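**Student:** Return atomic coordinates for the entry below.
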Amino acid sequence: MASYSGSSAASSGSRTNGLAIASLCCGIIGLFFLNIILGPLAIIFGAVARRQASVKNGAGMAKAGIILGVVDVVLWLVLLAMASSNGGFSWYVGG
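**Tutor:** Reported below is the predicted structural model:
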């Protein structure tokens, strides 16, 4: 029988800050989907994770998440400007 009571690699040593991981994930996914929502979330999560960087690891991920969050917001503004310069938004349904 296998015994699972031993110490695992996940519980030993230092762990990465969860907010840093969330910031990075929101920043990456925001490049493709819902960038106006996920971009600011990546910035907020990254800023909070950077403040906690002395306690937990993940300062690099938090910084990357902040940068990707800013890129998400800028991308949304560029897409909004392009859409408005082409005559605005229109919802065409039908054949």
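**Student:** was I right about Ala47 contacting Ile66?
**Tutor:** Yes. Applying Cβ atoms under 8 Å as the test, Ala47 and Ile66 come out as touching, 6.6 Å apart. No exception for glycine: its C-beta is placed from N, CA and C like everyone else's.
**Student:** Between these two, which has more neighbouring residues?
**Tutor:** In this view Ala47 and Ile66 are compared by other Cβ atoms under 10 Å, and Ile66 has more residues nearby, 22 against 15.
**Student:** I figured the more buried one was touching Leu24, is that so?
**Tutor:** No. Contact criterion Cβ under 8 Å: Ile66 and Leu24 do not qualify, at 9.6 Å.
**Student:** in the longest helix along the chain, what counts as buried?
**Tutor:** Criterion DSSP state H: the longest helix present in the chain is helix 59-85. Within helix 59-85, the residues scored as buried using 16 or more other Cβ atoms under 10 Å are 59, 61-73, 75-76.
**Student:** Tell me the one among those nearest to Ala53.
**Tutor:** When the buried residues of helix 59-85 are compared for distance to Ala53 (Cβ to Cβ), Ala59 wins out at 3.8 Å.
**Student:** Tell me the secondary structure at Val93.
**Tutor:** coil (DSSP: H, G, I helix; E, B strand; the rest coil).
**Student:** That one: neighbour count?
**Tutor:** 4.
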